[in-house]
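Asks: Pasting a predicted model and its sequence here:
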Amino acid sequence: MPKGTFEIYTNIAASLNDEDGRVIVTGGSTEEDVISFEDLVILASRNVFIFNPNGNTRYPDGTELLGHWEEGEKMPAKMPATRGFATHVPGAFTRKSFPLPEEKRGIEVGRATHHTVVLSDGKVLLIGGRWTQPAAYYGIVEVDMYDPVTNQWTRLSNMPTFPDDADAGYAGRAFPGVSLLENDEVLIFGGLANRLEEGGKNGQVNFINKGPRVPRSSAMVLNPRTNEWRRVGDMNFPRSGPLAAQWPYKNGLFGLAIGGSMLNSFPAPSEVYDSSTETWFLLPTEPETPTKEDTIRMGTGLTDGTVLTWSIPLDGIEMRLVKRLHPAGLQGE
C-alpha cells in the first residue's frame, strides 16, 4: 500500500465492481496520524487508495508483483473531513484530553471502523465510524459519497435523529447494521447512541462521552439518488454490532440482522427486514446459539442464495459455530 495502516481499527476495503476489478481502501490510521503511542491516541486518516489488479509493480530489487496502486490523477482525493481538532484530541477511553503538537493543530480527520457501501453504478458511500481509534463508542453522523468516474466527493444529508429511540438528540450510531437493498437504497439499523462533547473549566479541554449507551431498535433507509432519509419499521429487538447482510443473494429484498448485543443480554435473536412491507420478522432459532464468549460475529452472502456465518471468541484464536442460513427460513416459504 502507499501508506501502511495499523492498530485496532485499520482501513475498510470494498470492491468497486468495475471492469478492472479495482478495490477501494478508505480511512484507518497511519504513522503520521499518531499523537501518542503510549496513550493510544491515534487519529482517523482521510486517506483513500485504489488498487488495480492489472499490470505489475516493480520494486528496486527487481521483484515484480501483480497489480498496482493507482497514482496521480487517477488517485482519489482525500475523503471529506468529518471533524477538526483545534488544540486537543480525545483520549482513548477516558475524559482526559491530549494537546496536539504545534504542527498538527487544527488538523482535520476522516474515519475509522466505518461502513463502506458500493452502489450498482460504482459510487461508494462511507457511513458512520469514529474520529480516533481506539475510542469510546460514538458514531459519525455525516455520510459521504465518492464517484470513481469523476473522482469527486459529495457530502449527503446527515443521518436523522429519532428521540423516541434513546438517541438523546444525536444521530450518530456506533456499531449499527448496514445493508444494501434493492434500487440501491441503504438500510441502517440498531447501534449505540452516545456522543463525544468538548467541554471543561478554566480553558481546560475535556472530551466527555454523553448520552444513553444502550442498543437501539430503530431503522432507517437512505435513498442516495434523492439524498433523502426515511424511517422504517423498528426491529423486534434492540441491538448493537449485528452481522448485517443482504439476502437472498442478488435479490436485494431483505436486510439481515444476525445476533448483536442487547442491553443486558447476548446475543439478540436474528431477524430479517422485508423492504416490500418495511417491517422486520424473526428468523427460526439458531442451532447452538452463540454465547458471550463468541463476541465477534461475521458472515457473508454466498452465490447459492445462502448466508454463511461464524463467530470468533475474544481471543481471536479460532472460528467457532460455523452455520449456513437457507432461504427456507423466510416467512411464507
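Replies: Everything's here; your move.
Asks: Flag the shaky bits of the stretch 201-333 of the chain, pLDDT-wise.
Replies: In the prediction, the stretch 201-333 of the chain carries residues with pLDDT under 70 at positions 201-205, 247-253, 263-266, 289-296, 313-319, 327-333.
Asks: let's see it at 90
Replies: Under the criterion of pLDDT under 90, the regions of the stretch 201-333 of the chain flagged as low confidence span 201-215, 239-272, 274-276, 282-333.
Asks: hang on, E108 packs against K78?
Replies: No: contact between E108 and K78 fails when scored by CB atoms under 8 Å: they sit 9.0 Å apart. C-betas here are computed from N, CA, C, even on glycine.
Asks: got any residues that touch both of the two?
Replies: Applying CB atoms under 8 Å, 6 or more residues apart in numbering, one finds that E108 and K78 are jointly contacted by R46.
Asks: And the residue nearest to N47 when sequence neighbours are not counted, what's its pLDDT?
Replies: Spatially, and ignoring its direct neighbours in sequence, N47 is nearest to K3 (6.2 Å; CB to CB, 6 or more residues apart in numbering). Each residue has a pLDDT score; the one for K3 is 87.
Asks: do you know how far K3 is from G106?
Replies: When CB to CB, to the nearest Å is applied, the distance between K3 and G106 equals 21 Å.
Asks: For these two, indicate the residue with more neighbours.
Replies: Here K3 and G106 are set side by side on neighbour count (other CB atoms under 10 Å), and the busier one is K3, at 16 against 10.
Asks: thought that one was touching R46?
Replies: No: checked against CB under 8 Å, the pair K3 and R46 is beyond contact range at 11.4 Å.
Asks: just to revisit the earlier point, helix, strand, or coil at the residue nearest to N47?
Replies: coil (DSSP: H, G, I helix; E, B strand; the rest coil).
Asks: Look up which residues are beta-bridged to R58.
Replies: Bridge pairing for R58 (DSSP bridges) gives the partners E64.
Asks: and it, how many neighbours does it have?
Replies: Under the neighbour criterion other CB under 10 Å, R58 is assigned a count of 10.
Asks: got it, and the one 3 residues further on?
Replies: The local packing of D61 (other CB under 10 Å) involves 5 other residues.
Asks: which residues of the stretch 151-300 of the chain fall in strands?
Replies: 152-155, 177-180, 186-189, 195-199, 206-210, 219-223, 228-232, 243-247, 254-258, 271-274, 279-282, 296-301 (DSSP state E, counting those that start in this stretch).
Asks: can you tell me which of these comes nearest to A13?
Replies: The closest of the strands of the stretch 151-300 of the chain to A13 is strand 296-301. By CB to CB, the value is 13.8 Å.
Asks: With only the CA atoms kept, save stretch 70-83 in PDB.
Replies: Taking C-alpha atoms only, stretch 70-83 is exported to PDB below (Å, rounded to 0.1, in the frame of the first residue of the first chain):
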ATOM      1  CA  GLU A  70      -3.200   4.000  -8.800                       C
ATOM      2  CA  GLU A  71      -1.300   7.300  -8.700                       C
ATOM      3  CA  GLY A  72      -1.500  10.800  -9.900                       C
ATOM      4  CA  GLU A  73      -4.800  12.000 -11.500                       C
ATOM      5  CA  LYS A  74      -6.300   8.500 -11.000                       C
ATOM      6  CA  MET A  75      -5.700   8.600  -7.300                       C
ATOM      7  CA  PRO A  76      -8.800   9.600  -5.300                       C
ATOM      8  CA  ALA A  77      -8.700  12.900  -3.400                       C
ATOM      9  CA  LYS A  78      -8.800  12.500   0.300                       C
ATOM     10  CA  MET A  79     -12.200  11.900   1.800                       C
ATOM     11  CA  PRO A  80     -14.100  14.900   3.200                       C
ATOM     12  CA  ALA A  81     -13.200  15.800   6.800                       C
ATOM     13  CA  THR A  82     -15.600  14.700   9.500                       C
ATOM     14  CA  ARG A  83     -14.200  16.900  12.200                       C
END
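Asks: Go ahead and name everything in contact with that stretch.
Replies: Residues external to stretch 70-83 that are found in contact with it (CB under 8 Å, 6+ apart): 2, 22, 24, 26-27, 44, 46-52, 108-111, 126, 129, 131, 140, 142, 144, 146, 148, 151-153, 155.
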